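Colleague: structure of the sequence below:
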Amino acid sequence: MAKGRPIRWHIAVFLAPAVLVYSAIMILPLFSTLNLSLFTRTEGGTAFVGLDNFRTLFGDPRWSAAFWNALGNNLWFFAVHMLVQNPIGILLAALLSSPRLRFSAFYRTAIFIPTILSFVVVGFIWKLILSPLWGIAPNMLDMVGLKSLFAPWLGKEEYALTTLALISVWQFVGIPMMLIYAALLSIPDDIIEAAEMDGITGWSQFWRIKLPLILPAIGIISILTFVGNFNAFDLIYVSQGALAGPNFATDILGTFLYRTFFGFQLQLGDPHMGAAIATAMFAIILVGVCIYLFLIQTRLRRYQF
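Modeller: So this is what the prediction gives:
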């Protein structure tokens, strides 16, 4: 016991500053935002209004239309990543984990490089590429006889959000690829050898043996994708501006929060309504994370080895 006390004391000394730093960075701003959402501005300062800001956000047509539009766009933005980015990441990881593939390290690096690029750089480059005036996309499609398919995708309401989601997929597909690649490499060799002795090889081995074993990693990637997409802001802002054009077709909760909190052009900023939107975003993310932790993760534990 005497030897154990100094160890516990050192652990406590190490954890205490970490808890204080975490509280200062995360907990205090969170409660400050929650508190700000319960007040409103008056001529004499601020007044406590309880949940009236949330009633206005969800019930007032001037606010609710913009909120539900942004939420719907956010859901579609997330769906594109789940249906395109993550399956492609899994496929790339399966291909790159093959011992027969040459130059796999080069391919991994090349695919992961866009992840480290700035949102500003990515947004500006793709705006140039897709520009109907000076972009290279029309000429590239013309080279393969598909120029008729080109359209100003970032300028059309029906295509703009999907186009930006696919640009985001291009930038971040390296993250699920690397996480799944690491999960595949962590599968014990004796499991693979047993499968090969039973005649299970190639893609059959991946679908029947490896895929079930990496389901927990896929679950983690899915929740990270959910949280990341509902916190998205940078790419939309850089590419389409704070108004998230055309006609708010690319408006998501992040850009809606920005315009509300800080104001933009003729719209005055309202920190209290902005805090209400931020609180709603936090609640949505919290519900999604809880659904994963308590309903999905518990079922995925059976696949851990």
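Colleague: run a quick neighbour tally on residue 196.
Modeller: 12 (other CB atoms under 10 Å). (Glycine included, C-beta is placed from N, CA and C.)
Colleague: that one and residue 205 touch, don't they?
Modeller: Yes. Using CB atoms under 8 Å, residue 196 makes contact with residue 205 at a distance of 7.5 Å.
Colleague: all the strands of the stretch 151-300 of the chain, residue numbers only.
Modeller: Remark: strands assigned in the stretch 151-300 of the chain by DSSP state E, counting those that start in this stretch are 263-264, 267-268.
Colleague: swap in the stretch 1-150 of the chain?
Modeller: Under DSSP E, counting those that start in this stretch, the stretch 1-150 of the chain gives strands at 39-42, 45-48.
Colleague: winner for burial among those?
Modeller: Across these, the average number of neighbours (mean count of other CB atoms under 10 Å) peaks for strand 39-42, which reaches a mean of 15.
Colleague: mind listing the strands that strand pairs with, and their directions?
Modeller: Here strand 39-42 has these sheet partners by DSSP bridges: strand 45-48 (antiparallel).
Colleague: chain center to the strand it pairs with, what's the gap?
Modeller: On the basis of CA atoms, centre = their mean, to the nearest Å, strand 45-48 sits 35 Å off its chain's mean C-alpha point.
Colleague: likewise for stretch 282-296?
Modeller: Using CA atoms, centre = their mean, the offset of stretch 282-296 from its chain centre is 14 Å.
Colleague: try stretch 201-220
Modeller: Its chain's C-alpha centre and that of stretch 201-220 lie 23 Å apart, by CA atoms, centre = their mean.
Colleague: just the buried positions in that stretch, please.
Modeller: For stretch 201-220, the neighbour count (16 or more other CB atoms under 10 Å) marks 205-206, 209-211, 213-220 as buried.
Colleague: distance between the ends of it?
Modeller: Terminal residues of stretch 201-220 lie 27 Å apart, using CA to CA, to the nearest Å.
Colleague: follow-up on the earlier one: just the buried residues of stretch 201-220: which are in helices?
Modeller: When DSSP state H defines the helices, the subset of the buried residues of stretch 201-220 inside them is 205, 211, 213, 215, 216, 217, 218, 219, 220.
Colleague: now do the contacts for the first one.
Modeller: Right, residue 205. Residues near residue 205 by CB atoms under 8 Å, 6 or more residues apart in numbering: 192, 195, 196.
Colleague: of those, which belong to helices?
Modeller: In this view, the contacts of residue 205 that belong to helices under DSSP H are 192, 195, 196.
Colleague: tell me the one among these nearest to residue 131.
Modeller: Looking at the ones in helices among the contacts of residue 205 and their distance to residue 131, the nearest is residue 192, at 48.5 Å (CB to CB).
Colleague: gap between the closest one and residue 210?
Modeller: Residue 192 sits 8 Å away from residue 210, going by CB to CB, to the nearest Å.
Colleague: what does residue 248 give?
Modeller: Counting by CB to CB, the gap from residue 248 to residue 210 is 43 Å.
Colleague: and residue 223, by the same measure?
Modeller: Distance of residue 223 to residue 210, computed by CB to CB: 21 Å.
Colleague: mind putting the strands of the stretch 151-300 of the chain in JSON lines, mean neighbour count and mean pLDDT included?
Modeller: Below are the strands of the stretch 151-300 of the chain laid out as JSON lines (neighbours: other CB atoms under 10 Å; pLDDT from 0 to 100):
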{"stretch": "strand 263-264", "mean neighbour count": "15", "mean pLDDT": "88"}
{"stretch": "strand 267-268", "mean neighbour count": "11", "mean pLDDT": "82"}
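Colleague: any chance of those strands in a markdown table, with distance to residue 107 too?
Modeller: As requested, the strands of the stretch 151-300 of the chain are exported to a markdown table (distance: least, CB to CB, whole Å):
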| stretch | distance to residue 107 |
| --- | --- |
| strand 263-264 | 42 |
| strand 267-268 | 47 |
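Colleague: got a list of what residue 117 touches?
Modeller: By CB under 8 Å, 6+ apart, residue 117 lies in contact with residue 171.
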